[in-house]
Structures are given as C-alpha cells and as structure tokens.
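Asks: here is a sequence together with a model predicted from it:
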Amino acid sequence: MNYEILNNVKDVVVALLYLTSAIFFILGIKNLAKPKTAPRGNLLGASGMLIAVLTAFIDFGFVINVQAELIESRFDYWYIIVIALVLGAGVGLTSALGVKMTGMPQMVAVFNGLGGGASLLVAGVFYVLAIGGAEVLETPALVATALSGSIGAITFSGSFIAYGKLQGLAIVPDKPVTFPGDLAVKGLLLVGLIVLSGVLVVSADAAHWYWLIVAGGLVLGVLLVIGIGGADMPVVISLLNSYSGLAAASTGFVLGNIVLIIAGSLVGASGIILTSIMCKAMNRSLTNVLFGGFGGTPTSKTQDDIYEGKVTATSADEVAMILDSAQRVVIVPGYGMAVARAATPVRQLTEALEARGVDVVFGVHPVAGRMPGHMNVLLAEENIPYEKLLDLDSVNPSFPHTDVAIVLGANDVVNPLAREKDSEIAGMPILDVDKARTCVVIKRSLSPGFAGIPNPLFANDNTLMYFGDGKKAVEDLVKAYKEL
Amino acid sequence: MTIIYLITIFAMSVFLGFELITKVPATLHTPLMSGSNAISGITIVGAIGVLLTGLAVADVGIVPFLLGGVALFFATINVVGGFVVSHRMLSKFRGRRS
C-alpha cells in the first residue's frame, strides 16, 4: 500500500465531507427562512452537523504516518469524548424537550452562551497544546485565538446574565443596572482586551495572557448585558446569537478548519440581520440599545394630565357586547400575554369569534416579547395558523376598517406618542390600534411600559380600558361572549 | 492553508448569510435563531479535534483535555438542544387548517 497516496486520498475525502456539511448548513439556513420549508431546513442543518462530527473523527482520529508506513489512531482520550458526548446529548435533549414555550427566550440565551463557551475553550486548549508542543503559531492564528477568547467569553457571560433577566432571577434585575462611570469602565475593559490581545500575539507562548483575556471578556459580557433592560432583550439575544457564530468562525481560523469558518460566519451574519431588524423596529441605533441604559425610570411628569378624567374603564360583558356586533377583530399581543400565560384563552376567544363568522387576525410587532418572534411561537403552540399573524406593514392599513382592536399586555408598541417628534420613542413604528373603531386595552393598571412614558392611547375617546390579569380577563371575556 | 484563503471563505460566507436571511418573515425569527444557534455549535468539530490530536503534540498533563471535554460537553448541549428545540417549535407552526 502506498501511504503517500492514501494520505492524499484521506485529505481530499475529509475536505469533501466538510464541504458537504457546509452545503447542508447553507441549504438548512435557506430553508429555515420560509414557513413551509423550515422543518426541512432544521433537519438539513442537523444532518450537516452529523456529517461534520463523523468527519472530525476521521480527520483527527486517524493519522497516516507516511514515513513509518502505518495508520496511527489517536483515541487515547476516548473516555473523555464519550462522557462529554453522552452527557451533553442527555442534557441538551432533556432541556429541549422539557422547556415550556414561554421559557424559550431563556433556553435560546443559554444555548448561545454554551456555544460561545465551547469556542473559547477550544481555542484556549489548542493554544496551550501548541505551546506545549513548542509549535509556534503564526500571527493570524494568534489574532484569531485572542478573538475567540474575547468574543467567546463575552457571549458566555452575557448570555447567562440575559438568562437571569429573562428567567426573573432575583440577583439579576430586569431593569438596566447602571453605576457612575460604567461607560468608562466598559471602555477601559475593551481597550484592555485589545492591549492584551496585542501582547498575546507578540509574546506567542504564554497561556496566562489568554486566560486573562478570557477573564476580561467574562467581566465585559456581564457589564454589557446587565446595563440593558428586559424589553431590549430581543436585540441582546440576536446580538449574542451573532457573537456565538463569530466565536465559532474565529476558532475556525485558529484551527484552519473551513467548516467552522463557513458555519460560524453564516450564523454571525444571520444574527446581525436579526439584530438590525430589532433595532429598526424600535427606531433606535445598536449603540443606543447597548449603552443607552434605556427604560426602567418612569417619568410620570405628564401622566396625570393625560389620564385625568379621560380614561374609560370597561367590563367583560361590555366588551363581549361590542365584539358581538363586530365583523373584524385584530388582537395585538405583547409581553404581558406571555407573563400572564394568556395564550390559551386568547385561542379560545379566537375560536369563539370565528365560530360566529368574525374575521380575527393578530398584529404582531417585531419587538413584542423578549426575543425575536416570541409571540409567534406562543400563538403557534395554540395552533393558530401563521397566516393569521400579521406584521406591521400588513396589519396597519387594515385598522381603519377594523371594528375592535384588542391590545393584550402590550404598551409601548401601540403608543401614539411615537408619532410625535419630541417623545422618547419618536419614530418607532407602532401598531395603529387607535385607528380601529373601538380599541380595548387589557392591562393590570395604567402603569407605563418599558419606555417609562405614559400612553395617550389609554385616554382616547374610542379606547376602553379593561383592567385585570390578562389570563383571567380573557377567560371572563370568552365566557361573557359565549353567553350572549 | 494560507490566511488569505481562509479570509476569502469567511467574507463569502458572511455575504451568503446576509443573502439567505434577508426578508425572513417575523413569524420564523425564533426558530431561525435557535436553528442557526445549533449550527454555531459547529465548534464541536474543534472540540473533537483538540481532544484527538492533543496527545501526539506534547506531554501537557490531563488538564487541557479536561477543558477540551468541557468544550465538547457545552458544544454537544448547544447542538443537540438547539436542533431539538427548533424541531419542537417548527412542528407547531402550521398553515391554515384545511
């Protein structure tokens, strides 16, 4: 047997297999972008991953030694691999099957963080091994090592802070946590990371610099996310999603592995696009979201003037009666629907209305909820067909000929102040529920939303405030409607 | 493998990513994110790589390999959990009942 030819054949086969898995990823992401093909897209992605993993075992597990004319296998640490794979698959499977749809934002945040953590560890271990083997890494690989360490660490700690905020853990407040000079501290940390990266590239053989970079990245990740309020989480999760991809891509540069670079950069790009969609939906720049410390401090200066004597409260019976004469109803869900776990009664209301020939659709704002597409997932779980979930551009023109708009647990995304130039949320695209004939707002109280500003919608002549817990309110409404 | 070659692949993939994702409907934002997140678990290949090649490189003790094991553990959760959770969500997305 000619071992040189065998070695070449192995290299080509491995490269082709990696390429195949990259193509599966590309097709997978392409298919994920359409509702009809999305399940297939996910399956393609998973198949690509299986191919990549099997290829990795061939690639790294069997080394053909041309001089000695033998095939060396390198499975000495097979038990570590088996334990990690079995435990990882077990934990991944149980958490993915056990998580409730309302807990999805937290789950996605944790998975993002683990991806980032894995990338930083892989780059670090590779670096340590290279130093141990007296192998000098080239400058580009060292730069990539520093990038993997810092991006991976920011993703890791930032994701867990995001998890804490979404889960409502007491140690991580939902409100943005700011302290005097926090911007300067973050800036100094960033400069420190860049300097340390430079030192790592120049010195090339000292692992402690790498772990120092990781430590700095971990602190920066905590500070960055803890300063951002709960309602800005859709942006944060999208951005961390992008970072987890970029960390994988830069680890690909460290190892010189093409499939890591392709898959990582695809995810990096998709996360960036989601981030920009979320920012546009709030008419805010990414810088403002990340460093603005927006929200959490209600400014009630004009609240009384706006609401005084103009708010009309209503009851389940009255709303049921209005609904009874309606032809078209638009339901606008917000984070409040998720918190109150009111998706089931909403579905019941939809079914009751449709049974009497009423046209019901949903108007979903891009940043409603705590992650991109949050409302859609909750409503999909209730078997509401996705054609009924309309985005801003499709639903807004229909409000003038809508009889009843029901706002459930949403606030800032329906605040007409966004149309005024000098308000805090000026220019943010909103759902024009005030243009419907009647607007019913289901809410616990008149308290302001995340932006901390009053909502003149509540004081409109055609707005009825139906105060109460979202779940109970809608249940009562369904009951009252069915009794008519 | 030269760095220019890798950078070219990186740049092309970023553009490809932009092209593929633009105009994705809002309905799919969450499954798209969890699905693409699972793909970013590709770093699992790197984890397998360092665990398999390590021994031949040098005698560095077992600590790096334990860290590699942790990396593999994290990446596996990311991959398995990400794809399964996306599958669960997507199986609930239905069109109009016919």
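Replies: Received it, and whenever you're ready, just let me know what you need.

Asks: okay, and for the chain, where does confidence drop off?
Replies: No chain in the question, so chain A it is. Where chain A drops to pLDDT under 70, the residues are A:204, A:293-303.

Asks: hm, I was asking about chain B
Replies: B:1, B:54-58, B:96-98.

Asks: tell me where it has helices.
Replies: Per DSSP state H, chain B carries helices over the ranges B:3-21, B:29-39, B:43-57, B:63-92.

Asks: please convert these to CSV, extending it with distance to chain A and mean neighbour count.
Replies: Just so you know, the C-beta spots here come from the backbone N, C-alpha and C atoms, and that holds for glycine as well. CSV is the format used below for the helices of chain B (distance: least, C-beta to the nearest C-beta, whole Å; neighbours: other C-beta atoms under 10 Å in any protein chain shown):
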stretch, distance to chain A, mean neighbour count
helix B:3-21, 3, 17
helix B:29-39, 3, 30
helix B:43-57, 4, 25
helix B:63-92, 3, 24
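
Asks: okay if I get those helices as CSV plus distance to residue A:350?
Replies: Formatted as CSV, the helices of chain B follow (distance: least, C-beta to C-beta, whole Å):
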stretch, distance to residue A:350
helix B:3-21, 30
helix B:29-39, 21
helix B:43-57, 42
helix B:63-92, 16
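
Asks: so which of the ones you listed is nearest residue A:62?
Replies: Residue A:62 lies closest, by C-beta to C-beta, to one member of the helices of chain B: helix B:43-57, at 9.1 Å.

Asks: what packs against that closest one?
Replies: Counting contacts by 3 or more C-beta pairs under 8 Å, 6 or more residues apart in numbering or on different chains; DSSP states H and E, helix B:43-57 packs against helix A:38-61, helix A:78-98, helix A:104-132, helix A:233-255, helix A:258-280, helix B:63-92.

Asks: let's see 10 Å
Replies: helix A:38-61, strand A:62-65, helix A:78-98, helix A:104-132, helix A:139-167, helix A:233-255, helix A:258-280, helix B:63-92 (3 or more C-beta pairs under 10 Å, 6 or more residues apart in numbering or on different chains; DSSP states H and E).

Asks: for residue A:360, give me phi and psi.
Replies: Main-chain torsions, residue A:360, degrees, to the nearest 10: phi -120, psi 130.

Asks: residues in contact with the residue nearest the centre of chain A?
Replies: With distances taken as C-alpha atoms, centre = their mean, residue A:237 lies nearest the centre of chain A, 3.3 Å away. Residue A:237 sits next to A:105-106, A:108-109, A:112, A:158-159, A:162-163, A:166, A:225, A:271, A:274-275, A:278, A:370-372, A:374, B:30, B:33, B:37 when contact means C-beta atoms under 10 Å, 6 or more residues apart in numbering or on different chains.

Asks: OK, contacts around whatever residue of the stretch 51-200 of chain A ends up closest to chain B?
Replies: Using C-beta to the nearest C-beta, the single residue of the stretch 51-200 of chain A nearest to chain B is residue A:88, 2.6 Å away. For residue A:88, the contacting residues are A:114, A:118, B:41, B:44, B:47, B:69-70, B:72-81, by C-beta under 10 Å, 6+ apart.

Asks: check residue A:159 too.
Replies: Counting by C-beta under 10 Å, 6+ apart, residue A:159 has contacts A:106, A:108-117, A:221, A:225, A:236-237, A:240-241, A:243-244.

Asks: apart from its neighbours in sequence, what residue is nearest the closest residue to chain B within the stretch 151-300 of chain A?
Replies: Closest to chain B within the stretch 151-300 of chain A is residue A:269: 2.6 Å, counting by C-beta to the nearest C-beta. Leaving aside its sequence neighbours, residue A:269 sits nearest to residue B:17 (C-beta to C-beta, 6 or more residues apart in numbering or on different chains; 2.6 Å).

Asks: residues touching the one you found, list them.
Replies: A:26, A:29, A:242, A:245, A:262-273, B:36.

Asks: residues near the nearest residue to residue B:71 once chain neighbours are set aside, how many?
Replies: Excluding the flanking residues, the one nearest residue B:71 by C-beta to C-beta, 6+ apart is residue A:121, at 3.6 Å. Residues near residue A:121, counting by other C-beta atoms under 10 Å in any protein chain shown, number 30.

Asks: distance check, residue A:121 against residue A:251.
Replies: According to C-beta to C-beta, to the nearest Å, residue A:121 and residue A:251 sit 9 Å apart.

Asks: what residues do those two have in common as contacts?
Replies: Contacts common to residue A:121 and residue A:251, judged by C-beta under 10 Å, 6+ apart, are A:148, A:149, A:152, B:43, B:46, B:47, B:71.

Asks: which of those residues sits closest to residue A:96?
Replies: When those are compared against residue A:96 (criterion: C-beta to C-beta), the nearest one is residue B:43, at 18.5 Å.

Asks: hmm, residue A:260 and the closest one touching each other?
Replies: Yes. Residue B:43 is in contact with residue A:260 according to C-beta atoms under 10 Å; the separation is 6.5 Å.

Asks: list the residues that contact both of these two?
Replies: Contacts common to residue B:43 and residue A:260, judged by C-beta under 10 Å, 6+ apart, are A:119, A:122, A:248, A:249, A:251, A:252, B:49.

Asks: show me where the stretch 351-484 of chain A has helices.
Replies: A:374-381, A:392-395, A:470-483 (DSSP state H, counting those that start in this stretch).

Asks: can you redo those as CSV with mean neighbour count?
Replies: Converted to CSV, the helices of the stretch 351-484 of chain A look like this (neighbours: other C-beta atoms under 10 Å in any protein chain shown):
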stretch, mean neighbour count
helix A:374-381, 26
helix A:392-395, 15
helix A:470-483, 20
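
Asks: okay, those helices in CSV with distance to chain B next?
Replies: Shown next, in CSV, are the helices of the stretch 351-484 of chain A (distance: least, C-beta to the nearest C-beta, whole Å):
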stretch, distance to chain B
helix A:374-381, 4
helix A:392-395, 9
helix A:470-483, 20
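
Asks: residue A:426: which of those is closest?
Replies: helix A:392-395 (16.6 Å).
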